[in-house]
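[1] Curious how this folds, go ahead:
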Amino acid sequence: MRRRLGFLLLLVGLWTGGIVVRLAGLQIERHDEYRARAESQRRIVVELEPPRGTIYDARGRALAVSVEVDSAFANPRRLRADGDPRQAARQLAAVLGVDAAALAKDLAQDKEFVWIERQLDPPRAAAVAALEIPGIDFLKEYKRYYPMREVAAQVLGFAGIDQRGLEGLEHLYDDVVAGREGSRTLLRDARRGTATSPLLAGAAARPGASLHLTLDAAIQHIAERELAAAVEASGARGGSAVVLDPATGAVLALASAPLIDANRFPSYPLEVRRNRPVMDAYEPGSTFKMVTAAAALSANLLDPSDQLDCEMGGITLAGVRIRDHKRFGLLTFRDVIARSSNVGAIKTGLIVGDRRLFDMVRAFGFGRATGIDLPAENGGELADFAGWQRRPLTKAYVSFGQGISVTPLQLARAFAAVANGGELLRPYVVEAVGEPQPPQPPAGGGLLASVALAAEPAAGGAPVTSRREVVGRPLTPATARELERMLEAVVEEGTGRAAAVPGYAVAGKTGTAQKAENGAYSPRHFVASFAGFVPARRPRLVILVAVDEPWPSYHGGAVAAPVFEHIAEQTLLYLGVPPDRVAGPFETAASRPSRRARLPTSPEEAASRPSRRAGVGR
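    Modelled structure (predicted):
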């Protein structure tokens, strides 16, 4: 009996000693490890998402804001304990319009957190809350909202669901606008409830800084509306419009057609999302004759009154026949530009010579990006001077806008250099970076109310200082004035009459460029364009309009020039620019019918199909 009792006491002693050793190991040797594990289970660190900075137009109108929304999530462990995951999945799928099977699979996971749907609009969030499903809750997040929808959508780009900028200004200025994440520490009890305390570690989220743009939402809206109407009326593939302040290089409008809603940006194909004025390069056609004329005037090789033989419709160089759009005989240099003679432009280029013409093209900034603060800018294409010399016809083609590609922005900047007296400026769209702004609710009143033609004070207190930067001087002021008078003749009596704005002198140039396809120039596909400035003698606006593949009417003077007039007339009125000449008794905005309504729709003009090197000139 004593032996059995002693053996039992020995076992109890060994067992007790083992427990003591084990407890000593857990509580002394591994104390820090288990303390840390307990703290990690008891404490939850939640990341706090900052609101992105607001993007304002030139008059303080909000173009992009961050609004607080609900995002639904689930605790699958609690859902399994207190409810039926499959039934919950069916209910949620019916409300949210998602796949019930996929949602049920997510809710069956052995996790404490899975997303159900992020960034819900208020009605859908309310519908989920009304289900009162155990284990379903909400977190506050920020969603990017564009209150003016279509206005400047391709310029602004968009921010993804994780609030990172993915395209446009949202992408380029993401580091500035995104802000800095914060954190908050929560305590969790045994029943998985949570509590917070100011004594717990944490850092506040820092909102992003605001951007103050040079774009004016009203001018942007005008340009987009008129461009989109012209694209639709002419059956075109798309279009671009640029409005610049020639004195500073500030971009007042940058329009692309077709239009898109920035709030649904990712749902559109890449073709439509492109910022066309910056990304699309094309052969400019006769608008480029301005550069050829500038080279001749700068070198004092031609006077506007000098005559050129345009050889009644064609010229043969190196065995290649290049045709004009009309049969012209003797024309003054001024009329060569006003009537847009290809032969006259070629002869001007021959007089100027390879080196001078090439240097003038480079001086206007062609062949390289403008440096605008927008992503994915296309620099166009310009062969180097050695290439010009190897190909003897290059100079002839470039003289009237073939054999070179430019973007609408590049060409608009070149015309701005003429308008401002000879200075080539770097264009820009961000005027200033302001202090961080609080998130704003969506603006009401609709698009037209949002871009009402009335001045509004700048928001956010950001400094407004011009970023004017001169990057070249292709012309002297005297040459720029002489060229301006020649471009006035284009509108007064030449191919650009449809661009005339009642009460204002307009200077500009039409262009009708054939598109190259499979190594030859298409007889069916054209880019119709007009570039100019107004008022001609004291320019406030430079406007370029390019319409891609209009048909059956495809000439720049018929398709693009009226759009210039519509944009210019409304913008001058909006800016309060007084007229500089007296309009005729029937030339008022109220009495004159829309030129867009008179857009030619018959195929007669298109019946005469040009040859491979016809070089359409209007």
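
[2] Any idea what residue 433 is bridged to?
    residue 211 (DSSP bridges).

[3] is it true that it touches residue 209?
    Yes. Residue 433 is within contact range of residue 209, at 5.3 Å (criterion: C-beta atoms under 8 Å). Where you see a C-beta, it was placed from the backbone N, CA and C, and this is true even at glycine.

[4] how long is stretch 267-286 from one end to the other?
    37 Å (C-alpha to C-alpha, to the nearest Å).

[5] make that stretch 263-278, sorry
    Termini of stretch 263-278 sit 22 Å apart (C-alpha to C-alpha).

[6] List the buried residues in it.
    For stretch 263-278, the neighbour count (16 or more other C-beta atoms under 10 Å) marks 263, 265, 268, 272, 273, 274, 275, 276, 277, 278 as buried.

[7] what separates the residue nearest the centre of the chain from residue 247, distance-wise?
    The centre of the chain sits closest to residue 155, judged by C-alpha atoms, centre = their mean, with a distance of 1.9 Å. Using C-beta to C-beta, to the nearest Å, residue 155 is found at 21 Å from residue 247.

[8] now do residue 139
    Residue 139 is 49 Å from residue 247, by C-beta to C-beta.

[9] of these two, who's got more company?
    residue 247 (17 against 14; other C-beta atoms under 10 Å).

[10] Just to check, that one is in contact with residue 420?
    Yes. Contact criterion C-beta under 8 Å: residue 247 and residue 420 qualify, at 5.8 Å.

[11] Now the common contact residues for the two.
    Taking C-beta atoms under 8 Å, 6 or more residues apart in numbering as the contact rule, the neighbours common to residue 247 and residue 420 are residue 539.

[12] so who does the residue nearest to residue 146 when sequence neighbours are not counted touch?
    Nearest residue to residue 146, sequence neighbours excluded (C-beta to C-beta, 6 or more residues apart in numbering): residue 262, at 3.8 Å. Shown in contact with residue 262 (C-beta under 8 Å, 6+ apart): 64, 146, 148, 149, 150, 152, 153, 156, 158.

[13] So the nearest residue to the first one once chain neighbours are set aside versus residue 65, what's the distance?
    Same thing as residue 64. Leaving aside its chain neighbours, residue 64 sits nearest to residue 55 (4.0 Å; criterion: C-beta to C-beta, 6+ apart). To residue 65, residue 55 is 8 Å away according to C-beta to C-beta.

[14] Of those two, which one has the most company?
    residue 55 (28 against 25).

[15] residues in contact with the host helix or strand of residue 572?
    In the assignment (DSSP states H and E), residue 572 maps to helix 561-575. With contacts defined as C-beta under 8 Å, 6+ apart, helix 561-575 is touched by 218-219, 222-223, 226-227, 230, 241, 243, 252-253, 453, 496-502, 504, 506, 508, 510, 530, 532, 534, 540-541, 543, 545, 547, 589, 594-596, 598-599.

[16] list the buried ones in that helix?
    For helix 561-575, by 16+ other C-beta under 10 Å, it's 561, 562, 563, 564, 565, 566, 567, 568, 569, 570, 571, 572.

[17] before we move on, what about stretch 340-359?
    Those buried within stretch 340-359 under the rule 16+ other C-beta under 10 Å are 340-349, 351-352, 354, 356-359.

[18] quick one: average pLDDT of it?
    Mean pLDDT, computed over stretch 340-359, is 94.

[19] Figure out how far it is from the centre of its chain.
    35 Å (C-alpha atoms, centre = their mean, to the nearest Å).

[20] cool, and stretch 213-221?
    In terms of C-alpha atoms, centre = their mean, the centre of stretch 213-221 is set 12 Å apart from its chain centre.

[21] same thing with stretch 549-562?
    24 Å.

[22] Span of it from start to end?
    16 Å.

[23] Could you list the low-pLDDT ranges of this structure?
    1-10, 12-14, 17-18, 20-48, 80-83, 112, 182-205, 435-466, 582-618 (pLDDT under 70).

[24] Report the residue ranges of every domain in it.
    Domains of the chain are assigned by automatic domain parsing as 46-83+114-213, 217-438+466-607.

[25] Reformat those domains as CSV; add distance to residue 96.
    Putting the domains of the chain into CSV (distance: least, C-beta to C-beta, whole Å) gives the following:
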stretch, distance to residue 96
domain 46-83+114-213, 5
domain 217-438+466-607, 18
